[in-house]
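[1] Predicted model and sequence follow; I will ask about them next.
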Amino acid sequence: MSCIFCQIADGKLPGDILYQDEEVLVFPDIQPQAPLHLLIIPKKHISALSRITREDKPLVGHMINTAQEMARREGVSEKGYRLVINCGQQGGQLVPHLHLHLLGGRQLSDQLG
Ligand code: DGP
């Protein structure tokens with residue numbers, strides 16, 4: 001299996017798993033861009049946002065609910081945070097397994113691109 005996030009989901013790589021359930025996994029980004037930088041991934045391999053289907057809609061909703069809960073747990077809900085999904089080469093996606101970035105803990109730039 002070559003997908004690095006599938007390997008993390010399968011417990012084949014060491015990692016600091018902060019939350020998991022049957023569908024999603026949360027762990028810190030290895031190259032944090034903010035004091036809080038978590039990745040929320042589906043356990044199911046989906047290569048990119050452009051590949052999600054109608055049947056994945058509940059899963060994507062669950063990823064967002066999980067991010068909301070992690071933001072609350074990590075204490076950034078009140079001050080605010082950002083969720084980002086990079087898609088494809090021009091979207092800046094480096095790892096070809098769908099993932100949601102949760103960024104917070106500092107004032108984030110108002111530049112989106
Ligand atoms: P993106 O550019 O949206 O594909 O972001 C991929 C992120 O994944 C990037 O911020 C670095 C992070 N990352 C890459 N490899 C690993 C890894 O093996 N472990 C962890 N925790 N994060 C990783």
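    Nice, thanks for sending it over.
[2] And stretch 5-23, end to end?
    Between the opening and closing residues of stretch 5-23 there is a gap of 13 Å (Cα to Cα, to the nearest Å).
[3] Need the contact partners of that stretch.
    Stretch 5-23 is contacted from outside by 1, 4, 25-28, 38-39, 41-45, 59, 62, 66, 69-70, 95, 97, 99, using Cβ atoms under 8 Å, 6 or more residues apart in numbering. Where C-beta positions appear, they are placed from N, C-alpha and C, glycine not excepted.
[4] burial measure for the nearest residue to His37 once chain neighbours are set aside, as a count.
    Excluding the flanking residues, the one nearest His37 by Cβ to Cβ, 6 or more residues apart in numbering is Asp29, at 4.3 Å. Asp29 has 15 neighbouring residues, counting by other Cβ atoms under 10 Å.
[5] give me every residue that touches Asp29.
    Shown here is Asp29, whose contacts under the criterion Cβ under 8 Å, 6+ apart are His37, Leu38, Leu39, His101.
[6] The host helix or strand of the first one pairs with which strands, parallel or anti?
    Read that as His37. Under the assignment given by DSSP states H and E, the secondary-structure element containing His37 is strand 36-42. Take DSSP bridges as the rule and strand 36-42 pairs in its sheet with strand 24-28 (antiparallel), strand 100-104 (antiparallel).
[7] Relative to the ligand, which of those strands is closest?
    Minimum separation from the ligand across the strands paired with strand 36-42 (Cβ to the nearest ligand atom) falls at strand 24-28, 5.3 Å.
[8] Could I get the CA-only coordinates of the closest one as PDB?
    Taking Å, rounded to 0.1, in the frame of the first residue of the first chain, the C-alpha atoms of strand 24-28 are listed here in PDB:
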ATOM      1  CA  VAL A  24     -12.400   9.200  10.300                       C
ATOM      2  CA  LEU A  25      -9.000   9.800  11.900                       C
ATOM      3  CA  VAL A  26      -7.400  13.000  13.300                       C
ATOM      4  CA  PHE A  27      -3.700  13.600  13.800                       C
ATOM      5  CA  PRO A  28      -1.300  16.600  13.800                       C
END
